[in-house]
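Student: this is a predicted model, with the sequence first.
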Amino acid sequence: MFLLLIVSFVWAFSFGLIKGRLAGVDPTAVATLRLALALLVFLPWLRLRGVSTAMRFRLAAIGAIQFGVMYVLYLRAFAHLQAYEVALFTITTPFFVTLLDGAIRRQFVGRHAAAALLSVAGAGVIVWQGLALSSTVVGVLLVQASNLCFAAGQLGWRHARAQLGSGVSDASVFALLYAGAFAASLAWSFTTTDWLALRLTWSQGATLAYLGVLASGVCFFWWNIGATRVNAGTLAAFNNAKIPLAVACSLVFFGESANVPRLLLGGALMAGGVWLAESRPSARR
């Protein structure tokens, strides 16, 4: 759980950097470069001894879905939705984690579903801005598909990691996930990004380096490790933890305004979801 919390803090801080320093940069290029840097970080640790060819392709496919396709769908949604609408519709990820885990295990755990519900409710309290939504069906479906990809990747990694065994370290195979993710994002960028016209300032380059190495490279790695150490309910609840933390970081570090009572209420609901998922050892995976 500690790793999930640390990653949530890093991601929360990253939102302000993206908004403040990468405005105007092609978002697909940003995603592709972040994933390229993440891949470079883990390539030196790549060790495939004891990993079957089928498992190698499976891990690459998991990364392509969880990170690559997820990014592509998420960024595509901004062409159909307002930014706050995208934020609002991303809060359903805990539901997908719980539903997919139940389908895989063929067992429905009520406490996990309740934890996911509290997490979604808490995030909704924070990001909801009234009923004046201009959403299109296409935009909503793109965000939900993105949420589904991220949830499926987390659970796919949990199950693949269990099959790898203790003789294979996490770091020795994680570059495969980033390879799949980078390939998916790069393929999409050829339809949207003018790479020859891309220009970055030193500040933007430094921000991308931070996002690629830490926020993507290290933090996606830590997140997936954390996903194997908690039950599905706790994992579901933590999928929205970055939302109140992002609002808090924007308030403290970037001088933005925030509705503090709603922030506290939403955070309390999410904390309640984690407590509910962790309150009984019998509810663990």
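Tutor: Here it is on my side, so go on.
Student: all strands for the protein, in order.
Tutor: Using DSSP state E, the chain contains no strands.
Student: surely residue 33 touches residue 209?
Tutor: No: using Cβ atoms under 8 Å, residue 33 makes no contact with residue 209, being 9.2 Å away. C-beta coordinates here come from the backbone N, C-alpha and C atoms, glycine included.
Student: in terms of neighbours, single out the busier of the two.
Tutor: residue 33 (24 against 13; other Cβ atoms under 10 Å).
Student: what score does residue 97 have for pLDDT?
Tutor: Note for residue 97: predicted pLDDT of 90.
Student: how much space between it and residue 112?
Tutor: 9 Å (Cβ to Cβ, to the nearest Å).
Student: list the buried ones in whichever helix in the chain runs longest?
Tutor: In the chain, with assignment by DSSP state H, the single longest helix is helix 137-164. Residues of helix 137-164 classed as buried under the neighbour-count rule (16 or more other Cβ atoms under 10 Å) are 139-140, 142-158, 160-161, 164.
Student: now residue 273, nearest residue through space, not along the chain?
Tutor: In space, and not counting its chain neighbours, residue 273 is closest to residue 118: 3.4 Å by Cβ to Cβ, 6 or more residues apart in numbering.
Student: returning to what we had before: what's the overlap in contacts for residue 97 and residue 112?
Tutor: Common contacts of residue 97 and residue 112 (Cβ atoms under 8 Å, 6 or more residues apart in numbering): 232, 236.
Student: can you give me the helices for the stretch 101-250 of the chain?
Tutor: 110-127, 137-164, 170-192, 202-210, 219-227, 232-238, 242-252 (DSSP state H, counting those that start in this stretch).
Student: wait, which of those is closest to residue 6?
Tutor: helix 219-227 (6.6 Å; Cβ to Cβ).
Student: what angle do that closest one and helix 170-192 make?
Tutor: Angle of helix 219-227 versus helix 170-192, following axes from the mean of the first three to the mean of the last three Cα atoms, to 10 degrees, is 130 degrees.
Student: got the CA positions of helix 219-227 in PDB?
Tutor: Written as PDB, here are the backbone C-alpha positions of helix 219-227 (Å, rounded to 0.1, in the frame of the first residue of the first chain):
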ATOM      1  CA  CYS A 219       6.200   5.200 -10.800                       C
ATOM      2  CA  PHE A 220       4.400   2.800 -13.200                       C
ATOM      3  CA  PHE A 221       6.800   0.200 -12.000                       C
ATOM      4  CA  TRP A 222       6.200   0.900  -8.300                       C
ATOM      5  CA  TRP A 223       2.400   1.000  -9.000                       C
ATOM      6  CA  ASN A 224       2.300  -2.400 -10.600                       C
ATOM      7  CA  ILE A 225       4.500  -3.800  -7.800                       C
ATOM      8  CA  GLY A 226       2.100  -2.300  -5.300                       C
ATOM      9  CA  ALA A 227      -0.800  -3.800  -7.200                       C
END
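Student: identify the residues contacting it?
Tutor: Against helix 219-227 from outside (Cβ under 8 Å, 6+ apart): 1-4, 6-7, 10-11, 38, 42, 67, 154-155, 157-158, 161, 170-171, 174, 177-178, 235, 238.
Student: one more time with 6 Å
Tutor: 3-4, 7, 10, 154, 157-158, 170, 174, 235 (Cβ atoms under 6 Å, 6 or more residues apart in numbering).
Student: relative to the whole chain's centre, how far out is that helix?
Tutor: 10 Å (Cα atoms, centre = their mean, to the nearest Å).
Student: the closest residue to residue 211 other than its chain neighbours: what's it in contact with?
Tutor: Among residues not flanking residue 211 along the chain, residue 34 sits closest, at 5.2 Å (Cβ to Cβ, 6+ apart). Neighbour list for residue 34: 211-212, 216 [criterion: Cβ under 6 Å, 6+ apart].
Student: by neighbours, which of those residues wins?
Tutor: Result: residue 216 is most packed of the contacts of residue 34 (other Cβ under 10 Å), 27 neighbours.
Student: let's see the pLDDT reported for that residue.
Tutor: 92.
Student: now residue 267
Tutor: 71.
Student: how much space between the residue lying closest to it once chain neighbours are set aside and residue 61?
Tutor: In space, and not counting its chain neighbours, residue 267 is closest to residue 244: 4.2 Å by Cβ to Cβ, 6+ apart. Going from residue 244 to residue 61 by Cβ to Cβ gives 32 Å.
Student: many thanks, have a good one.
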